[in-house]
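> any chance you can model this:
(one chain, ligands or ions: 3)
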Amino acid sequence: MSDLNSHHVNRVLVVDDDAHLINEYLKCLGEDYEPDTATTTLGDLEKVLFGEETDEKGAARFEVHSRNQGEAAIEAVQAAVDRQEPFAIVFIDIRMPPGIDGIEAAKKIREIDPNVNIVVVTGSLSSGPDNLGKLIPPADKVFFFKKPFHGVECRQLAAALCGKWHADMALRKANEDLERRVEERTEALQKIAYFDLVTRLPNQLLLIEELKNLISKAEDSEGDTAVVLLDFDRFSFINETMGYDSGTELLRSIGNRLSRTFVEEQDKQRAIVGRFGADEFAVMMPGVESEDAITELAERVRQTVEEPFLINGRDLFLKAAIGVAWHPIHGRDAKRVFRCAEAALHRSIRSLDNAITYYHSEMRFRARHKFDLEAELRGAIDTGQITAHYQPQQSTKTGELAGVEALARWIRPDGSVVPPSDFIPLSEEMGISDVLFESIMHTVCDDVAAWREAGDWNVPVSVNLSAHQLRNRDLVSLIKGILTEKAIDRALINLELTETVLLEDLTVAQPVLDDLASYGVGIHIDDFGTGYSSLSYLAQLPVQTLKIDQAFIAQLSDPDANTKVVEAIIALGKAMDLEVVAEGVETDQQYAMVRRLGCDLVQGYFIARPMSASQLTVWRGGYVDTQSLKHGSTVVGIEEARKK
Ligand code: C2E
Ligand code: MG
Ligand code: MG
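Ligands and ions are numbered 1, 2, ... in the order given. Below you'll find the model as predicted:
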């Protein structure tokens, strides 16, 4: 290998057992060498070959070393290579008794130094082997030189070969540089392709590769390989309220903490931690020997991320949904195991308390089921199989029908009904929830128009909106368009958004809701009480109604139930001049309780189940009749109504 030194020095080794000849070399390669003939071309040649590295007389400088035996020459070449001061040329005699001959020595020298030019010096050309290039390859670095030689010949040859050597070395270095740069670039590109730029952790692509490696290693060792996926609840909320930089810092902190806990501490170099998606992380652990160990691992992952994170001087408490699958139980190959872990993760996200979810085969069945359902849903929207059922809301003060909630239903040609909890999220995943919403709005407006035809209709209808619809830029004009087209009084339409949807997308929601409210449709907050509402956002939004989450109403069944939450929500509603609806009222106890606590409206199976538009007309007729008969004895009246 060349270095900078060797670039400036022309090192020559001469090997001959004849001391006289060595002297000849020294003389003709020495600096003071004066050609004894008029060989003016020598200086010129040296200038061309060496440029500045000639002395003032234009002569090349050689550093000449000599040995008188083959073995000593081999050692000298080795030492020079070790010192990184290699020779450019070795002049070597063929016969040097008592040691090995020059050809043998040259072969060894070639093994040590692939770059050196070897000049085999011989008295008679016919005595040397003619396949020197094959014997001591490469052929362009081995030469014959006949002795006795003239000093000028020797010097000229040395100058030419040193020039060639420097050129070779420069080329070699350039190639090496190029190779290194290519390697560096490749490495950098791989980093980008395989590592997440924010956390510097492996990304999904690399995680799958790593799992493949772990799996192939696991074939011959004990234990399963577990994959734990986590997804953080309300991550976009943090981005929106604390700023994008804080979100980034938080991601980095999560990544660091997971690596510290699972890669660096206990399980040195066994676990692999990576960023699986936007706010999804993965911990992969090989050699897990029991289901208990998997449970323990998942629990530890949860504890690790649920310790507060200090971001921007604030302690942030995160909740993570966790899905777990493992090899070889849930899949033989890496992708399948990840898919199972994802299915489990999504189940965990959907569960209210983000419970750690372990994959089981039913989820795969559901995944396939979902695939069929997708194809069917497109067709169902086109052919009008999506319709709305209506659930009455009753005023606790007057006992009158005070509103209805439109609930989407998919009624298949065979009469079976698919619940909205199945097909609404599916439509969102498929990106067709706007089409679905539009079709429900049309249905609702058609039904309102029909009720109006049938008689007086002044009951407002609530339509549910999902987070996806809030992001639809055309939402407001779409609603205005349909109401205008069907000549529906805008005061009869309310839109319901869940508290979590509002909070997650407050910056998106605010302008849309302001726009809708100023147009004249009502805004209601659904499933209130489970989110993380602050009073300030409530005051800021154009909201008229709070619907208490069913979970709180369900707790009221117990006669000594804790009514504090419901009381607090009602007090909050009253203080802010909002109407309060109790949803999911199923028993007379619950009814009596919410009425006593001051709820304005009641909705639930106790009043009526959701029903079709035509059923509602009949129900309302009977309901009104019964009401008038019962002289406002509300509770009894409703029970009568329920029997219809
Ligand atoms: P939600 O808006 O909170 O609707 C109330 C849900 O509670 C309805 O379920 C209703 O049938 C059910 N329910 C009513 N009274 C009772 C009761 O006394 N006890 C019990 N246990 N349940 C009661 P459904 O119709 O299955 O709808 C579920 C959810 O699907 C709705 O919750 C809403 O979030 C969503 N959804 C329904 N229709 C639409 C729609 O058109 N668009 C959107 N984006 N979401 C919809
Ligand atoms: Mg609702
Ligand atoms: Mg609700």
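
> endpoints of stretch 83-94, how far apart?
Terminal residues of stretch 83-94 lie 27 Å apart, using CA to CA, to the nearest Å.

> next, the buried residues of it.
86, 87, 88, 89, 90, 91, 92, 93, 94 (16 or more other CB atoms under 10 Å). All C-beta atoms are positioned from the backbone trio N, CA, C, and that covers glycine.

> ditto for stretch 217-234
Per 16+ other CB under 10 Å, stretch 217-234 contains these buried residues: 218, 224, 225, 226, 227, 228, 229, 230, 231, 232, 234.

> quick check: residue 544 vs ligand 2, distance?
Residue 544 sits 14 Å away from ligand 2, taking CB to the ion, to the nearest Å as the criterion.

> so who does that residue touch?
Taking CB atoms under 8 Å, 6 or more residues apart in numbering, we find residue 544 in contact with 494, 522, 523, 524, 578, 579.

> apply 6 Å and report the result again.
Taking CB atoms under 6 Å, 6 or more residues apart in numbering, we find residue 544 in contact with residue 522.

> need the pLDDT of it.
Model confidence at residue 544, given as pLDDT, is 95.

> again, but for the one 3 residues further on
At residue 547, the pLDDT value in this model is 95.

> any idea what the nearest residue to it once chain neighbours are set aside is bridged to?
Nearest residue to residue 547, sequence neighbours excluded (CB to CB, 6 or more residues apart in numbering): residue 581, at 4.4 Å. Beta bridges link residue 581 to residue 547, residue 601, judged by DSSP bridges.

> quick check: domain ranges of this protein?
10-173, 193-360, 385-641 (automatic domain parsing).

> for residue 557, the count of nearby residues, please.
Here the number of neighbours of residue 557 (other CB atoms under 10 Å) works out to 12.

> kindly provide the distance from it to residue 575.
Remark: distance between residue 557 and residue 575 (CB to CB, to the nearest Å) = 27 Å.

> state the distance from residue 71 to residue 184.
Separation of residue 71 from residue 184 (CB to CB) stands at 42 Å.

> comparing those two, which residue is more hemmed in?
Higher neighbour count among residue 71 and residue 184: residue 71, with 14 against 10, using other CB under 10 Å.

> mean confidence for stretch 554-561?
77.

> before we move on, which element is residue 74 in?
helix 70-82 (DSSP states H and E).

> residues in contact with residue 248?
Counting by CB under 6 Å, 6+ apart, residue 248 has contacts residue 198.

> thinking again about what came up before, for residue 487, state which of the buried residues of stretch 83-94 is nearest.
residue 86 (96.1 Å; CB to CB).

> ok, that closest one touching residue 77?
No. Residue 86 is not in contact with residue 77 according to CB atoms under 6 Å; the separation is 7.8 Å.

> what residues are shared contacts of the two?
Any residue near both residue 86 and residue 77 by CB under 6 Å, 6+ apart counts here, and that gives residue 113.

> helices or strands up against the lengthiest helix in the chain?
Scanning the chain for the longest helix, with DSSP state H as the assignment, gives helix 151-194. On a contact count with 3 or more CB pairs under 6 Å, 6 or more residues apart in numbering; DSSP states H and E, helix 151-194 meets helix 19-29, helix 40-50.

> interface residues of the chain facing ligand 1?
Contact residues, the chain versus ligand 1 (CB under 6 Å from any ligand atom): 391, 407-408, 419-421, 424, 440, 464-466, 496, 526-527, 584-586, 604-605, 610.

> which of these fall within strands?
Among the residues of the chain next to ligand 1, DSSP state E puts 391, 407, 408, 464, 496, 526, 527 in strands.

> from the residues you listed, which is closest to residue 397?
So of those, ranked by how close each gets to residue 397 (CB to CB), first place is residue 391, at 19.5 Å.

> I'd guessed the closest one sits against residue 612; true?
No. Contact between residue 391 and residue 612 fails when scored by CB under 6 Å: they sit 11.3 Å apart.

> which one of these two is surrounded by more residues?
Set side by side, residue 391 and residue 612 show more neighbours around residue 391, with 20 against 16, by other CB under 10 Å.

> ok, now which ones touch the residue of the stretch 301-450 of the chain at minimum distance from ligand 3?
Relative to ligand 3, the nearest point of the stretch 301-450 of the chain is residue 405 (8.2 Å; CB to the ion). Residue 405 makes contacts with 391, 462, as judged by CB under 6 Å, 6+ apart.

> right, I'll leave it there.
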